[in-house]
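Q: got a predicted model here, sequence first, then my questions.
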Amino acid sequence: MSGFLVTPEARADLFAIWEHIAEENIDAADEMIRRIEESFGRLSEMPGMGHFREDLLDQHYKFWNVYSYVIGYRWDVAPIQIIAVVHGARNLDVFFGQRGTEQNQ
């Protein structure tokens, strides 16, 4: 069974991404969100895609890039859980450290 669950935190990430891009171009914002959400479907079909970043979170989580954005997801559960979508230029150690802690509570 494939499928994915987008956590409330990741949904807020998507909204923030859309808002940021929409300041310049609403069509581009819509397209970026479409591409990111399309990746959620692909990841749910093949949860082994992506890579581990043990410097950020343990092996329960994998990461996948869509352009400059990093999707963090829990791949070993059904449905997979999208925990975060963040621009790769952010301080990922801090961002995913907090997000991983939130998910484990």
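A: Structure's in. What do you need?

Q: excluding its backbone neighbours, what's nearest Phe4?
A: Of all residues beyond its chain neighbours, the one nearest Phe4 is Ser44 (4.2 Å), with distances taken as C-beta to C-beta, 6 or more residues apart in numbering. Heads up, the C-betas are built off the backbone N, CA and C, glycines and all.

Q: how near is the one you found to Gly72?
A: For Ser44, the distance to Gly72 equals 15 Å [C-beta to C-beta, to the nearest Å].

Q: surely Val62 forms part of a strand?
A: Careful, residue 62 is Lys and not Val. Yes - checked against DSSP: H, G, I helix; E, B strand; the rest coil, Lys62 lies within a strand.

Q: now do the contacts for the residue lying closest to it once chain neighbours are set aside.
A: If the residues on either side of it in the chain are set aside, Lys62 comes closest to Gly50, at 3.7 Å by C-beta to C-beta, 6+ apart. In this structure, Gly50 makes contact with Leu43, Lys62, Phe63, Trp64, Ile71, Tyr73, Trp75, judged by C-beta atoms under 8 Å, 6 or more residues apart in numbering.

Q: in the longest strand seen in the chain, what's buried?
A: With DSSP state E applied, the strand covering the greatest number of residues in the chain is identified as strand 80-87. Buried residues in strand 80-87, defined by neighbour count with 16 or more other C-beta atoms under 10 Å: Ile80, Gln81, Ile82, Ile83, Ala84, Val85, Val86.
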